[in-house]
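**Q** below are the sequence and a predicted model for it; my questions follow.
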Amino acid sequence: MKTIVFTGGGSAGHVTPNLALMARLQQLGWNIHYIGSATGIEKDIIQQERIPFHSISSGKLRRYFDLKNFKDPFKVLKGVYDSYQLLRSIKPAIVFSKGGFVSVPVVLSSRMRRIPSIIHESDITPGLANKLSIPFATKVCITFPETMPLIQGRKAVLTGVPIREKLKLGSRIKGLQSCGFHSEKSVIMVMGGSLGSQVINKAVRDSLQDLLSRYQIVHICGKGNVVGELLAAKGYKQFEYVSDELPDLIAMADIVVSRAGSTSIYEFLALGKPMLLIPLTKQASRGDQLLNAESFEKSGYAQVLFEEALTKDSLISNVDSLYDRRERYKAAMSAQNGNDAVEAIVQLIETYSLPS
């Protein structure tokens, strides 16, 4: 039996694609371990899957001045030591990294121990953590064709994003029942990322009366962002965060309003859900969501509303426009060449892993 170590964390987008791969590798008889940070979202997610989880020291590498920049490099060095010792003990045949700063020490340590490693980059332009890791990796799985010229050394392989199989098994009827909705009015699903979005939350609630005249709304608003006064609003269901219910909620939705994180939008693409994307601004991010949204809009999968233009009226008009043209978006999505990212990446893992 071969062993693989997964790593990645900091956000749900750096963890959930790993779940799809782990499920398939378990079917093939692989032994799986996970290395992450003690306080990151990855720990809770992975422990729910009953996968052995190992914590390492982790520091953030910032592009801006912060006093923590003087302390965090020592945390990273400690993370390298922690990873090196763990890899020596676990003896994996390969390491798979989904990114995030916790993954950098693991990929570096795998190179030091001459263990092959594969990195997955979801966005068009690699994030800082992956940029640091790529020189030490064996292969780099990419999501967008536009990324290919940015990866040197012929390491890039276009695979797409691994989609969890359970997302494809959602029930519209169960989704409607869990929200107390009926089948006679269409449903919008609103997501602001794994932590929620105050900007999107406010725009939706400001527009609620108008939107509810035409739609039912399920709103995943982030931890601590449920509004008590709206709990009784007919046709409006709030969740802080969803896990087991997500496949049913997506199956129920006719259209989706979302940030433009690559993992989420590729899941919506795979499930044929027309999207209104509100990407993070350049001021709030490195601009990756803007590029993701631009690519999806160009391909005919999504409509884009920039946050700077987000108001009550612009949200309503864009939602109505997307809904009225939803069949056009569905046709474009169904025509795309749907690579099976899980099988493509599993094949790479089996090809480049050390022999038993």
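**A** Nice, I can see it. On a predicted model such as this, the values are computed, not experimentally measured, just so you know. Residues are numbered from 1 along each chain as shown.
**Q** residue ranges with poor pLDDT in the stretch 251-356 of the chain?
**A** The stretch 251-356 of the chain contains residues with pLDDT under 70 at 337-339.
**Q** now the helices for it?
**A** Remark: helices of the stretch 251-356 of the chain, listed N- to C-terminal, are 262-270, 288-299, 312-324, 326-335, 341-352; assignment by DSSP state H, counting those that start in this stretch.
**Q** list the buried ones in the third one?
**A** Same thing as helix 312-324. Residues of helix 312-324 classed as buried by neighbour count (16 or more other C-beta atoms under 10 Å): Lys312, Leu315, Ile316, Asn318, Val319, Leu322, Tyr323. Quick note: C-beta positions are derived from backbone N, CA and C, even for glycine.
**Q** okay if I get these as TSV plus distance to Ile255?
**A** As requested, those are exported to TSV (distance: C-beta to C-beta, whole Å):
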residue	distance to Ile255
Lys312	18
Leu315	12
Ile316	13
Asn318	10
Val319	7
Leu322	5
Tyr323	5
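**Q** from those residues, pick the one nearest Ile349.
**A** Of all those, the one with the least separation from Ile349 (C-beta to C-beta) is Leu322, at 37.6 Å.
**Q** next one: that closest one from Lys155, what distance?
**A** Here Leu322 is placed at a distance of 37 Å from Lys155 (C-beta to C-beta, to the nearest Å).
**Q** can you check Glu294 too?
**A** From Glu294 across to Lys155, the span is 25 Å (C-beta to C-beta).
**Q** quick one on the thing from earlier: return the most buried member of the helices of the stretch 251-356 of the chain.
**A** Using mean count of other C-beta atoms under 10 Å, the stretch among the helices of the stretch 251-356 of the chain with the largest mean neighbour count is helix 262-270, at a mean of 23.
**Q** any weak-confidence spans in the stretch 51-200 of the chain?
**A** Confidence mapping of the stretch 51-200 of the chain against pLDDT under 70 gives the ranges 59-72, 194-196.
**Q** can you map out the helices along it?
**A** 72-90, 103-112, 128-133, 172-179, 198-206.
**Q** contacts for the second one next, please.
**A** The one in question is helix 103-112. 5, 7-9, 14, 35, 56-58, 61, 76, 79-80, 82-84, 86-87, 95, 97, 116-117, 119, 129-130, 132-133, 136-137 (C-beta atoms under 8 Å, 6 or more residues apart in numbering).
**Q** starting at the chain centroid, how far to that helix?
**A** When distances are taken as C-alpha atoms, centre = their mean, to the nearest Å, helix 103-112 is centred 22 Å away from the chain's centroid.
**Q** Pro92 contacts Tyr34, correct?
**A** No - using C-beta atoms under 8 Å, Pro92 is not in contact with Tyr34; the gap is 11.1 Å.
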